[in-house]
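In: Got a sequence here, can you build the structure:
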Amino acid sequence: MPIRFSGAVGGWATGVMFDKVTIDGGDISFAFRDMDGQGGGWSAANSLCWQCRAAKILLPSPPTANNWSYGSWAQPQGNGNHVWPQTFLKPESLFYDQLEQRTGKRFVESDKILVYESDETTAPSPEMARRMSERSRRPDLLMDEWIDSMIRTYPIRSDLSASIRLEDLPVKETDHEAVGTRAVNIVDGKVVRNGKLVTGRLISTALWRGSTRPHDLLQAGPHLTRYVPGRTGRGLTDDLDTVTARMIRDHVCALSHFPALWYERRRDDHARTLRSDADVWTPFYEQPFSRSGQGEAYDRLSKYDLNRWNPWYWSRLKEFADLADRKGLLLIQEHYLQHNIIEEGAHWVDYPWRSANNINNLGFAEPPHFSGDKRVYMAEEFYDTSNPVRRHFHEEYIRKSLENVKDNQNVIHDIGHEYTGPLHFIQFWLDVIAGWEEKNHKDVLVMLQGTKDVQDAILSDPGRSPVVDIVDIRQWHYREDGTLYAPAGGVSLTQRQYARIFNPGRTSFDQVYRAVDEYRRKYPDKAVISSLGRGGELSGWAVLMAGGSFAPIPAIEDDAFLEMAAGCKSYIVNHRQKKEYVLEKEGEGYIIFSQDPEVNVEFCDRQANYRLKWIDPATGKILDHEVPLPSGGLNMLRSPFEGASVAWLTVL
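Out: Here you go, the predicted structure:
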């Protein structure tokens, strides 16, 4: 029998002709017979028919279900909603009408869809009567005939003689020279790539949050070792090429990765009890170590073996590091996540290093003591390298972190962005790195962060300071009033716990500048960054003007700006109790930051004329036209932007 349809989507059947349609409990079943008299059928998930044709429609309305049939031509049965039966409805296809409304245009392949167009006029014109009489001489179009006509109109190409086979394509070797031009280097205490200062935001992977609900996926950040079986995309198993493309688009210079807090999401409840079964929840956050297949950890999967690496975890880091090298981005590989060992007890419960979760006999107390039945204080035990077993596994883990990306150029090794631990563990960590560098004849980029007392002790240590390439000001700052907020290291307190005990206050543009400038002048061979984020919206410019790296300023439209900034010296000029922050590159020009639209420029006796461009510090936008500026004397300039302004002057 002929079957006509005008589209079906999900459980919505529209304009279909069948022998029998059954709608029951939210399901639709369609029964029909093909040209050979053989039975067939189709079922869908929802319960709406639109202009279906059948001998019979069975339409019950059971509890909790509502079933509808609109404009259907059939013998109706059941107590469901038979709406406008034996009626021609417009549009003929509900689906394609909705598609057109949603997209604002007709479906691009509408001529490939057989639509049953209806016309119920009772007063046809003579011309229409003539045309329809002529049309009645031919049988109505059957589905197989319509398919054949489509094949004739749109033939399927089967001649592959001109095709290029993937296996015949030449394999392009890695262009080491091209990769090298994107590598970062530290030049005169600044992180530079292709002669330009590296600026942009730093982002981090998630500690533990995750959800596969569609509305949550839209908000998800990247995570290199998050795994959702069979699903790739944002909030799922990240496509790393897409992650790096977004970083470039959003002016993100580096991604900081650390091992996640726990493997699977049932522990999101922060309970400290053994899980009742092994029914784990995605997303999975893969750990550096593989499971042993022995015993049961607290998540009821088998225990970890710290002697066995998780190949997928390390291959993902390597894949991202390779992409970072090619695209001029940075991977900050944080070796540890202190979150597991201090503060919330649930953070320790599923940690692979916990004795109950591995087969390696690390000797941590079991069961652990939770202070107040909630908090955990495992830092002193975890950082105790006098224990030979733990020391061995720390050494192997640090070396693996180095070995995995030993051939990459844009990887920075960091102990962990939350680190408030003791001096002796940083010393141990640096000694392992130094030993690995010497053995492998490699020089890796190492970033030092921690509390100020620990940082200062390392930087004043003649044996260990040379291992450090970058200093991150994160755990301390100068307050707005100039006083120092600097908690002590190794006290088994986290950054946010310290902030509840001592008032950290706020810092300011001037004080961010002060901290970066202080360390740049004291350690001129080391790059300095400030990832504190407490200095206000313009604090990124404070980092830049003090000679710091990774300044979170907007993307600047002209690369020449960052080329100049890479080779500048920094200083402050006072004009009538007004500070102006200056970067000067001798013989080439100046970059001047002012916290209001007025900028004072004094060139003294320099024999040169300058070209002036204005930059909006909030957006990075450069004023289109360039204004020549004569040298000599004091020039009083006013920015076309409101608020803070940046004057960029280059020698003509």
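In: Tell me the spatial nearest neighbour of Q75, not counting adjacent residues.
Out: The shortest distance from Q75 to any non-neighbouring residue, by C-beta to C-beta, 6 or more residues apart in numbering, is to K56 (4.7 Å). C-betas here are computed from N, CA, C, even on glycine.
In: For that neighbour, grab the count of nearby residues.
Out: K56: 16 surrounding residues under other C-beta atoms under 10 Å.
In: Confirm it sits in a strand?
Out: Yes - K56 forms part of a strand when assessed by DSSP: H, G, I helix; E, B strand; the rest coil.
In: Can you tell me how far it is from I342?
Out: Separation of K56 from I342 (C-beta to C-beta, to the nearest Å): 70 Å.
In: Point out where the protein drops to low pLDDT.
Out: 1-46, 107-110, 113-120, 171-181, 533-536, 576, 603-607, 624-627, 630-634 (pLDDT under 70).
In: So for it, the centremost residue is which one?
Out: P222 (2.6 Å; C-alpha atoms, centre = their mean).
In: Kindly state the beta-bridge partners for the residue nearest to Q75.
Out: K20, Q75 (DSSP bridges).
In: Pretty sure it sits against S72.
Out: No - in this structure K56 lies outside contact range of S72 using C-beta atoms under 8 Å: 10.4 Å.
In: Name the helix or strand for the closest residue to the residue nearest to the centre of the chain other than its chain neighbours, please.
Out: With sequence-adjacent residues excluded and distances taken as C-beta to C-beta, 6+ apart, P222 is closest to V243, at 4.6 Å. The secondary structure element spanning V243 is helix 240-249 (assigned by DSSP states H and E).
In: Buried ones in that helix, by neighbour count?
Out: Residues 240, 243-244, 247 are the ones in helix 240-249 that count as buried (16 or more other C-beta atoms under 10 Å).
In: For it, name the packing helices and strands.
Out: For helix 240-249, the elements it packs on are strand 252-257, helix 311-327, judged by 3 or more C-beta pairs under 8 Å, 6 or more residues apart in numbering; DSSP states H and E.
In: ok, and what's touching it?
Out: 203, 222, 224, 234, 252-253, 255, 316, 319-320, 323-324, 327, 329 (C-beta atoms under 8 Å, 6 or more residues apart in numbering).
In: Also stretch 378-398?
Out: By C-beta under 8 Å, 6+ apart, the residues outside stretch 378-398 that reach it are 288, 306-307, 335, 338, 340-342, 348, 353, 360-365, 368, 421-422, 424-425, 428-429, 432-433, 436, 490, 492.
In: Give me the buried entries from the contacts of helix 240-249.
Out: If we count by 16+ other C-beta under 10 Å, the contacts of helix 240-249 have these buried: 203, 222, 224, 252-253, 255, 316, 320, 323-324, 329.
In: now N307, what's its secondary structure?
Out: Going by three-state DSSP: N307 is strand.
In: List the backbone torsions phi and psi for the closest residue to V184 other than its chain neighbours.
Out: Closest residue to V184 apart from its sequence neighbours, by C-beta to C-beta, 6+ apart: R193 at 4.7 Å. With angles defined as degrees, to the nearest 10, R193 sits at phi -130, psi 120.
In: Show me what R193 is bridged to.
Out: V184, K196.
In: Count residues in the vicinity of it, would you?
Out: R193 sits with 19 neighbouring residues when counted by other C-beta under 10 Å.
In: my read: it touches R182, true?
Out: Yes - using C-beta under 8 Å, R193 is in contact with R182, at 6.5 Å.
In: From D216, how far off is G548?
Out: 35 Å.
In: Check L323 too.
Out: 26 Å.
In: can you check Y478 too?
Out: In terms of C-beta to C-beta, Y478 sits 39 Å off from D216.
In: So those two - more neighbours on which side?
Out: Y478 (22 against 12).
In: and that one, what does it touch?
Out: So, once contact is read as C-beta under 8 Å, 6+ apart, Y478 ends up touching 484-485, 507, 511, 514-515.
In: For beta bridges, what are the partners of it?
Out: L484.
In: now the residue of the chain positioned farthest from its centre: how far from Q409?
Out: The centre of the chain is farthest from one residue, P126, which by C-alpha atoms, centre = their mean lies 66.4 Å away. From P126 across to Q409, the span is 83 Å (C-beta to C-beta).
In: Same question for D268.
Out: 37 Å.
In: what about the strands in the stretch 1-150 of the chain?
Out: Along the stretch 1-150 of the chain, counting by DSSP state E, counting those that start in this stretch, strands occupy 8-9, 12-14, 20-24, 27-33, 39-44, 48-50, 53-58, 68-70, 73-77, 81-83.
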